[in-house]
Each structure stands twice: as C-alpha cells, then as structure tokens.
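# Need a 3D model of the sequence below.
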Amino acid sequence: MDLSARACNMPAAMRETAAFSAFDEEMMRLALDQAGAAAAAGEAPIGAVLVDPARQEVIAAAHNRPIGLCDPTAHAEILALRAAGAAMGNYRLVGLSLYATLEPCAMCAGAISHARLGRLVFAAEDPKGGAILHGPTLFAQPTLHWRPEVAHGLMAGIAADLLRDFFRARRGKPAAD
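Numbering: from 1, shown residues only. Prediction:
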C-alpha cells in the first residue's frame, strides 16, 4: 500500500515496516493462535499478545470476546492490556510490545497510547476499522501524547485469510480455493 499521501503527517517509525526478527515471528504465531481460539468460540478471529521484549517474556495473551462477555470493549488488545496491567500492578506498560493480528481500531489505539507501549506490531491492515494506517491515523495526530513504534505486515496474509474464511463461513459462502 502506498502511504506517501499520509507520510508527511506520520511519525518516522510508522513510515516503513522494519525487518522482523525470529522473536517477532514467534510472538505473531502466538497471536494467531489466540485468533484461532476466538474463531473457535464464534468471535471475530483477532488475537493479541503483550510481551516484555527485554526479557522475551509473554505478559498477557487474549482474543476477541465481545460476544461472550457481552462487552463491546472486549477486543483482544484491550483484554491483553487489562491482563498485563493487572499482572504488573501498573496501568503504564512502558517498553512492552503488543502483537496483534489486525490493525487496531481507534479504541484500541487510544488504549495503546495511554498504556505507553513501546512497540506495536500488527499483521493485517484494516481499511474499514483500523486507526493506525487508516481512518483517523491516531498515532499521526499532533495532540496524541504517546506514540509507540509501529511495524506492520508480519504474517498479514495468514491473518487476513483467517478473517476472510471466518466471515465467509458466517455468511454461508464456501471458502476460496
């Protein structure tokens, strides 16, 4: 996707997707596992994993649960942030990295900023509901107090296929070959 039209307003850390490490790939696989658990529960297949990159330790993992919890805010990213905050005893999660299978929405992007995460890595872009590269491009707004480093595109095809297949099945259409 050509982002040149928006690049002038976008922080340098968001203009290009950096090379991904083996650890990044491992963490995104865990996020994809969470997305699979969401799909198995009848929820939109979106997963998130929050890690301490310095210790290479998973702090929290979650998947979408708004239907099961009757909570419109129960997105994977929000649930992972809540669990990490509880585990660490702090609402500031400075220096942690969040791996998500889909570009976060405005609500989740706002929570990521408030938590002071150091890095966000997401797989698939979300042109309809995303708020990082699309829509409000929240991290590019001058009034935002905190912006994490952003990398995107890691295992994007796998995440997009999972979402596409899930919603095709919900609509009763056969999966594409």
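# avg pLDDT for the lengthiest helix in the chain?
As far as residue count goes, and with DSSP state H defining each element, the longest helix of the chain is helix 22-40. Helix 22-40 comes out with an average pLDDT of 98.
# Which other helices and strands does it contact?
In this structure, helix 22-40 makes packing contacts with strand 47-52, strand 57-63, helix 76-88, strand 97-102, strand 119-124, helix 156-171, judged by 3 or more Cβ pairs under 8 Å, 6 or more residues apart in numbering; DSSP states H and E. All C-beta atoms are positioned from the backbone trio N, CA, C, and that covers glycine.
# out of the ones you listed, deepest packed?
Greatest average neighbour count among these goes to strand 97-102 (a mean of 29), per mean count of other Cβ atoms under 10 Å.
# ok now that strand, how far from the chain's centre?
3 Å (Cα atoms, centre = their mean, to the nearest Å).
# if we can go back for a sec, contacting residues around the longest helix of the chain?
Outside helix 22-40, the residues that touch it by Cβ atoms under 8 Å, 6 or more residues apart in numbering are 44-49, 51, 53, 56, 58, 61-65, 76, 97, 99-101, 121, 123, 151, 154-155, 158-159, 162, 166.
# One more: stretch 76-91?
Looking at what lies outside stretch 76-91 - Cβ under 8 Å, 6+ apart - the contacts are 31, 34-35, 38, 46-50, 59-65, 93, 96, 98, 100-101, 104, 107-108, 111-112, 114-115.
# same thing but 7 Å
By Cβ atoms under 7 Å, 6 or more residues apart in numbering, the list of residues contacting stretch 76-91 from outside reads 34, 46-50, 59-65, 93, 96, 98, 100, 104, 108, 111-112, 115.
# now stretch 42-51
Residues external to stretch 42-51 that are found in contact with it (Cβ under 7 Å, 6+ apart): 27, 30-36, 38-39, 57-65, 67-68, 75-77, 80-81, 84, 96-102, 162-163, 166.
# in stretch 143-158, what counts as buried?
147-156, 158 (16 or more other Cβ atoms under 10 Å).
# Could you work out the end-to-end span of it for me?
Looking at stretch 143-158, the gap from its leading to its trailing residue is 34 Å under the measure Cα to Cα, to the nearest Å.
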